[in-house]
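Trainee: Dropping the sequence and predicted coords here.
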Amino acid sequence: MISTQKISKQFGDLVVLKDIDLEVEKGKVVVVIGPSGSGKTTLLRCLNLLEQPESGLISIDQQSIDFGKKLSKKEIRSFRKKSGMVFQTYNLFPHFTALQNVMEGPVTVQKVNKTEAKKRAAELLTKVGLKEKIDVFPYQLSGGQQQRVGIARAMAIDPKVMLFDEPTSALDPELVGEVLLVMKDLAKEGRTMVVVTHEMKFAKEVADEVIFMDEGKIIERGEPVDLFERPKEERTKKFLNLINQ
Amino acid sequence: MKMYLSSSFFSSENIAILQDSFIPLLKGVLSYTIPLTLISFVIGLFIAVVTAVFRISGIKILAGIARVYVSIIRGTPLLVQLFIVFFGLGNLGVDFLKFEPFTGTIIAFSLNTGAYASEIIRASILSIEKGQWEASSSIGMSYFQSLKRVILPQATRVSIPPLSNSFIGLVKETSLASTILVSEMFRKAQEIVATTYTPLLVYVEAAAIYWVICFILSLIQDRIETRLNRYVKT
């Protein structure tokens, strides 16, 4: 479903990603962990082309993008529709209600007619448990509720994969659960997901594969039990020790 | 002496002058002051949005044009701009550039408003967090779709207080059009003073009318702000 070949990215002199190869099969959940500055968020943002690598190749659902060439805006936009992005800070549109937030992509970008988009948006909001909050502005929602609207908004464009960039990091601890629950449901439905997170429990329960990154490279990858219980690399061990303290 | 002044200020004669001058002044307001303000502001706002988008577009030549335009307008007095448009261009002998006083005023005022308001709009656009651009691109929106659907509506809210300042300023600046014989309120006041010789009385009357207009405008501003604030926590 997703594959990247040798993607590299630099900010000035700083190498953020170095020759990253990633494979995510259809219906699998991949969790990316690592210390801050390890490049995990940048990797995720590259999949949605919010950042563009200097070199390498990304393909999602049979559409490939080669960063060696100059990309047209049209190419970038059509590629973006393959993935739905959920942001750490939700980034809901504050001037739209929950329903309007979810409808926006289908109506403005995909030109779905309004009645149909509305119906579908209401279904998605119901699915994330916000049936009662359809006509409410984001500021009237808790962080957890806002993030669930964010998930519904990303799903509304019918992406092939869902990308989560530390979706619970900005939340109060008591609100983390409700968001993870929605994500677990999605995983159960067989959605392809790439999740950058610090929620190790979630990773253990839901991930098909866990990837540990540091200094712009993939240090180690494996099934959650192996990676968490029997890490091979020294750096992985060190990191896991730090977060388990 | 003081007694004499105040009693003479409110003499029946003066009250008659105030009454007689009110209708002509009001006519000046309705047929010139308000239309000049409204038309110039609407055109100016359009220029301002285009200029602001040019500046943030990242396209060097467009940003350069916008910069030069703003610099020239902000660096020169409005009265001088008005004279250049009306007398200067009018004197070139090209029919196309000979404007009626009313049209000339609109051109000068629109260009002036456009430059100042473009800085307000640019600042408002830049005040919207980057996450809003990212969220809209992530659902597949183009640059202009993001601008139109997500960024500008939010920037509008931010820009209402400073834009109201510009608008209210413009109401008063229309008095400059008196210098090129547009019969707006201040011109009317001058004409009345020329026959009654009561400058204090009539100019204070004109000032009071300007104040009332601006007061009403600030009430409208409050209503717009309340409406646009409906989606933010108060």
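Mentor: Alright, I've got the coordinates.
Trainee: how far away is residue A:165 from residue A:197?
Mentor: Using Cβ to Cβ, to the nearest Å, residue A:165 is found at 9 Å from residue A:197. In short, each C-beta sits where N, CA and C put it, glycine included.
Trainee: Let's see the pLDDT reported for residue 151.
Mentor: No chain in the question, so chain A it is. The score at residue A:151 is 97. That number is its pLDDT.
Trainee: Actually, chain B is the one I wanted.
Mentor: 96.
Trainee: ok, which stretches of the chain are helices?
Mentor: Reading this off chain A. A:40-47, A:73-80, A:98-104, A:114-127, A:143-156, A:173-188, A:200-206, A:224-229, A:234-244 (DSSP state H).
Trainee: please go with chain B instead
Mentor: B:2-9, B:12-28, B:34-56, B:60-74, B:78-83, B:89-90, B:101-127, B:130-138, B:143-146, B:152-173, B:185-196, B:199-228.
Trainee: who in chain A is up against chain B?
Mentor: Within reach of chain B by Cβ under 8 Å from any Cβ of the partner chain, chain A has these residues: A:48, A:50, A:73, A:77, A:80-81, A:84-85, A:87, A:89, A:91-96, A:104-105, A:108-110, A:137-139, A:153-154, A:156-157.
Trainee: Selection in PyMOL covering whichever of those are buried, please.
Mentor: Of those, the buried ones can be selected in PyMOL as follows, counting by 16 or more other Cβ atoms under 10 Å in any protein chain shown:
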select buried, chain A and resi 48+50+77+80+81+84+85+87+89+91+92+93+94+95+96+104+105+108+109+137+138+153+154+156+157
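Trainee: So which of the residues of chain A next to chain B sit within strands?
Mentor: A:84, A:85 (DSSP state E).
Trainee: neighbours around residue B:186, how many?
Mentor: Applying other Cβ atoms under 10 Å in any protein chain shown, we find 25 other residues in the vicinity of residue B:186.
Trainee: Which residue is the nearest non-sequential neighbour of it?
Mentor: residue B:175 (3.8 Å; Cβ to Cβ, 6 or more residues apart in numbering or on different chains).
Trainee: Go ahead and confirm that neighbour touches residue B:184.
Mentor: Yes: under the criterion of Cβ atoms under 8 Å, residue B:175 lies in contact with residue B:184, with a separation of 6.8 Å.
Trainee: Among these two, which residue is more densely surrounded?
Mentor: Set residue B:175 next to residue B:184 and count neighbours by other Cβ under 10 Å: residue B:184 wins out with 27 against 18.
Trainee: List the contacts of that one.
Mentor: Residues near residue B:184 by Cβ atoms under 8 Å, 6 or more residues apart in numbering or on different chains: B:28, B:29, B:32, B:33, B:36, B:174, B:175, B:177, B:178.
Trainee: same thing but 6 Å
Mentor: B:28, B:32, B:33, B:174, B:177 (Cβ atoms under 6 Å, 6 or more residues apart in numbering or on different chains).
Trainee: Which of these sits closest to residue B:213?
Mentor: Closest approach to residue B:213 among the contacts of residue B:184 (Cβ to Cβ): residue B:33, at 7.5 Å.
Trainee: Okay, that closest one and chain A: tell me how far apart.
Mentor: For residue B:33, the distance to chain A equals 34 Å [Cβ to the nearest Cβ, to the nearest Å].
Trainee: Tell me the pLDDT of the residue nearest the centre of chain B.
Mentor: Chain B has residue B:170 as the residue nearest its centroid, 2.8 Å off, counting by Cα atoms, centre = their mean. pLDDT, residue B:170: 97.
Trainee: wait, it sits on residue B:36?
Mentor: No: using Cβ atoms under 6 Å as the test, residue B:170 is too far from residue B:36 to be in contact (8.3 Å).
Trainee: rewinding a little: distance to residue A:230 added to the helices of chain B, as TSV?
Mentor: As requested, these are arranged in TSV below (distance: least, Cβ to Cβ, whole Å):
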stretch	distance to residue A:230
helix B:2-9	98
helix B:12-28	88
helix B:34-56	52
helix B:60-74	56
helix B:78-83	76
helix B:89-90	83
helix B:101-127	50
helix B:130-138	37
helix B:143-146	46
helix B:152-173	50
helix B:185-196	86
helix B:199-228	57
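Trainee: For residue A:185, which of those helices is the nearest?
Mentor: helix B:130-138 (21.4 Å).
Trainee: how about that closest one, does it get close to chain A?
Mentor: Yes: Helix B:130-138 reaches chain A (Cβ under 6 Å from any Cβ of the partner chain) through B:131, B:134, B:135, B:138.
Trainee: if we can go back for a sec, nearest to residue B:9 among the helices of chain A would be which one?
Mentor: Per Cβ to Cβ, nearest to residue B:9 of the helices of chain A: helix A:98-104, 59.3 Å.
Trainee: Give me the packing partners of the closest one, helices and strands only.
Mentor: helix A:114-127, helix A:143-156 (3 or more Cβ pairs under 6 Å, 6 or more residues apart in numbering or on different chains; DSSP states H and E).
Trainee: Those residues of chain B touching chain A, which are they?
Mentor: So far as Cβ under 6 Å from any Cβ goes, chain B lies against chain A at B:131, B:134-135, B:138-141, B:145, B:149-150, B:153-154, B:231, B:233.
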